[in-house]
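**Q** Fold the following and give me the result.
(one chain, ligands or ions: 1)
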Amino acid sequence: MNLIDTHCHYNSYAFRNVHKEIYKLNNNQNVSKVINIGIDYNTSKEAIMLGNEYSKLYTALGIHPLCGGDVNDLEYLYNNYDNSKIVAIGEVGIDTECYDISMICNLINSIYLANKLKLPLIIHANTTKGSDINANKMVVEVLKRNTPKYGFVFHSFQPDLDVIVDILILGGYIGIGPMILKKNAKKSLEIVKNIDINRLLIETDYSYLTQNPDVDGVSIFNKICDLRNADKDIMSKQLDENAKRLFYKLK
Ligand SMILES: [Zn+2]
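**A** So this is what the prediction gives:
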């Protein structure tokens with residue numbers, strides 16, 4: 001197996017000893033590359049440092065909607081540190097857990113920055129139970145008015161048949177993670193089965209989902225192969241190509 005995990009979080013907030021975790025990752029033959037996602041200034045900066053140190057790690061610079069921070073600081077990081085392994089801006093987006101208007105401003109600023117730096121965007125759109133705001137829809141409305149020129153992915157996509165057509169028309173990708181391993185994942189399974197295979201990316205979101213049963217993405221990969229009735233070698237090549245097409249700086 002030779003998976004590119006397009007979304008995970010290796011940082012000192014998540015792990016008491018992040019180097020120990022990356023050591024395990026380095027020894028895991030199933031994973032060829034991972035994109036280490038920043039959620040604020042500090043984690044973005046740390047991701048750059050770890051990327052310089054470990055060959056499997058690539059970096060995305062982002063201000064998560066539930067974390068504070070200024071998108072301008074990400075531009076500072078890009079311009080003042082080694083940016084050769086910075087492959088995306090994100091994760092950024094909307095989370096209805098404590099929604100406020102600044103999330104929209106941050107999202108728009110992040111799209112401008114991604115376009116300026118010629119990078120794709122990694123989007124977080126989370127609608128909490130009972131919320132009357134639909135995060136997916138809200139992000140799509142922003143994207144329609146502010147096009148990310150170098151593409152985007154809805155990471156850990158909350159299945160939403162209403163917006164998926166819009167996302168695909170806008171050229172977006174869909175990130176599929178551990179949620180497809182859950183028993184109640186009916187809608188996600190439908191999407192994985194039917195979506196244009198060129199738009200699918202695999203991700204573990206490790207270690208954000210603490211109950212994540214699949215640290216290296218192999219179960220997610222196997223599930224995708226099952227659902228699509230696909231040959232594993234062909235699927236592995238396909239997912240690799242997808243990741244390298246969107247995150248074109250991956251080598
Ligand atoms: Zn994440």
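**Q** Which stretches in the stretch 51-200 of the chain count as strands?
**A** 57-61, 86-95, 121-126, 152-154, 173-176, 200-202 (DSSP state E, counting those that start in this stretch).
**Q** Turn the ones you listed into TSV, columns for mean pLDDT.
**A** Formatted as TSV, these follow (pLDDT from 0 to 100):
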stretch	mean pLDDT
strand 57-61	98
strand 86-95	97
strand 121-126	97
strand 152-154	98
strand 173-176	96
strand 200-202	97
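**Q** pLDDT weak spots in the protein?
**A** Along the chain, the parts satisfying pLDDT under 70 run over 209-213.
**Q** Tell me which of the strands of the stretch 51-200 of the chain lies nearest to E190.
**A** With CB to CB as the measure, strand 173-176 is the member of the strands of the stretch 51-200 of the chain nearest E190 (12.0 Å). C-beta coordinates here come from the backbone N, C-alpha and C atoms, glycine included.
**Q** who's in contact with I169?
**A** Shown in contact with I169 (CB atoms under 8 Å, 6 or more residues apart in numbering): no residues.
**Q** any idea how far I48 is from the residue lying closest to H7 once chain neighbours are set aside?
**A** Computed as CB to CB, 6 or more residues apart in numbering, the closest residue to H7 that is not its neighbour in sequence is E203, at 3.6 Å. Distance, E203 to I48, by CB to CB, to the nearest Å: 20 Å.
**Q** Equivalent analysis for K144, please.
**A** K144 is 32 Å from I48, by CB to CB.
**Q** roughly how far apart are the closest residue to P159 other than its chain neighbours and R199?
**A** Nearest residue to P159, sequence neighbours excluded (CB to CB, 6+ apart): K187, at 3.6 Å. Distance of K187 to R199, computed by CB to CB: 17 Å.
**Q** before we move on, what about H64?
**A** Distance from H64 to R199, by CB to CB: 23 Å.
**Q** So if I had to pick from the two, which one is more boxed in?
**A** H64 (22 against 17; other CB atoms under 10 Å).
**Q** Now do the contacts for the more buried one.
**A** Going by CB under 8 Å, 6+ apart, H64 touches 39-40, 91-92, 95, 124.
**Q** Mind picking the two most distant members of those?
**A** So, those by CB to CB: farthest apart are D40 and D95, at 13.8 Å.
**Q** Just the endpoints, please. Distance across stretch 92-109?
**A** 10 Å (CA to CA, to the nearest Å).
**Q** Now it: buried residues?
**A** 92-96, 99, 103-104, 106-109 (16 or more other CB atoms under 10 Å).
**Q** Out of those residues, which is nearest to Y58?
**A** Taking CB to CB as the measure, Y58 lies nearest V92 of these, at 17.2 Å.
**Q** Neighbours of S44, how many?
**A** Quick note: S44 (other CB under 10 Å) scores 27 neighbours.
**Q** For it, list the residues it contacts.
**A** S44 touches 38, 59-63, 74, 77, counting by CB under 8 Å, 6+ apart.
**Q** Just among those, which is most surrounded?
**A** L61 (35 neighbours).
**Q** okay but that one is in contact with Y78, surely?
**A** Yes. Counting by CB atoms under 8 Å, L61 touches Y78, with 6.4 Å between them.
**Q** Identify the contacts common to the two.
**A** Shared contacts of L61 and Y78, defined by CB under 8 Å, 6+ apart, comprise I86.
**Q** all helices of the stretch 1-150 of the chain, in order?
**A** Secondary structure of the stretch 1-150 of the chain (DSSP state H, counting those that start in this stretch): helices at 18-27, 41-53, 71-80, 102-117, 135-145.
**Q** For the last one, which helices and strands make contact with it?
**A** Translated: helix 135-145. Counting by 3 or more CB pairs under 8 Å, 6 or more residues apart in numbering; DSSP states H and E, the packing neighbours recorded for helix 135-145 are strand 86-95, helix 102-117, strand 121-126, strand 152-154, helix 161-169.
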